[in-house]
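Participant: Curious how this folds, go ahead:
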Amino acid sequence: MAFSPELRYHILEFMEPLGPVAVRSIFRAAGVFLERIMFALMTRADVLYLRSDNEIRGGSEAAGMDPFRTRAGKIFFMSYHEAPPEAMEDPDAMQWWADLAWGAVRRGRHKKARRTGKDKRP
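Facilitator: This is a model prediction of the structure:
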C-alpha cells in the first residue's frame with residue numbers, strides 16, 4: 001500500500017463508529033470506503049482528505065483544510081479537503097468530520113439520482 005500501516009490502523013479505529021469502514025489501495029494512494037463508497041482518501045504522505053461538497057466546503061476551508069492537490073500542485077479533487085489536525089488526534093472530532101464527509105457523499109448521490117431519475121442504491 002502507498003501509505004503507512006500506522007495511519008491505516010489509526011483511521012480504521014477512529015472511524016469504527018461509522019460502520020464497516022474499509023481501506024483499499026487506489027493508484028498511488030488509498031481510499032477509505034463505507035458501504036463500498038469512497039468518502040476519504042489517504043495519500044503517500046500520510047495525509048487524510050475527507051469528502052466535501054458545497055454545503056461544507058466553506059467550513060472546511062475556514063478550518064484551514066486544504067483541497068487535495070496533485071504532486072504538480074494542481075487542485076485535483078475539489079471535493080476532498082484535508083482533515084483538520086484535531087480530527088487526527090481526537091476520535092470524537094474524527095467522528096464529527098467523518099459524518100460530514102459521509103453526508104456529502106449521500107447528498108451527492110441524492111442529487112445524481114434526481115438528475116437521472118433513479119437511485120441505484122438505497
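Participant: which secondary element of this structure has the worst mean pLDDT?
Facilitator: One helix or strand of the chain scores below all others by mean pLDDT, DSSP states H and E: strand 67-69, with a mean of 66.
Participant: What residues does the residue nearest in space to the middle of the chain make contact with?
Facilitator: Nearest to the geometric centre of the chain sits residue 40, at 2.1 Å (CA atoms, centre = their mean). Counting by CB atoms under 8 Å, 6 or more residues apart in numbering, residue 40 touches 11, 15, 31-32, 48-51, 80, 83, 98, 101. Backbone N, C-alpha and C define where each C-beta goes, glycine included.
Participant: Who does it form a beta bridge with?
Facilitator: Beta-bridge pairing for residue 40 (DSSP bridges): residue 32, residue 50.
Participant: How much space separates it from residue 98?
Facilitator: Residue 40 is 7 Å from residue 98, where distance means CB to CB, to the nearest Å.
Participant: just residue 21 next, same as before
Facilitator: As judged by CB to CB, residue 21 and residue 98 stand 8 Å apart.
Participant: shared neighbours of those two, which are they?
Facilitator: With CB under 8 Å, 6+ apart as the test, residue 21 and residue 98 both reach residue 15.
Participant: higher neighbour count, those two?
Facilitator: Neighbour count, other CB atoms under 10 Å: between residue 21 and residue 98, residue 98 has more, with 26 against 20.
Participant: I'd say that one and residue 39 touch.
Facilitator: Yes: at 7.5 Å, residue 98 counts as touching residue 39 under the criterion of CB atoms under 8 Å.
Participant: which residues do those two both contact?
Facilitator: residue 50.
Participant: can I assume residue 68 is in contact with residue 52?
Facilitator: No: counting by CB under 8 Å, residue 68 stays clear of residue 52, with 9.8 Å between them.
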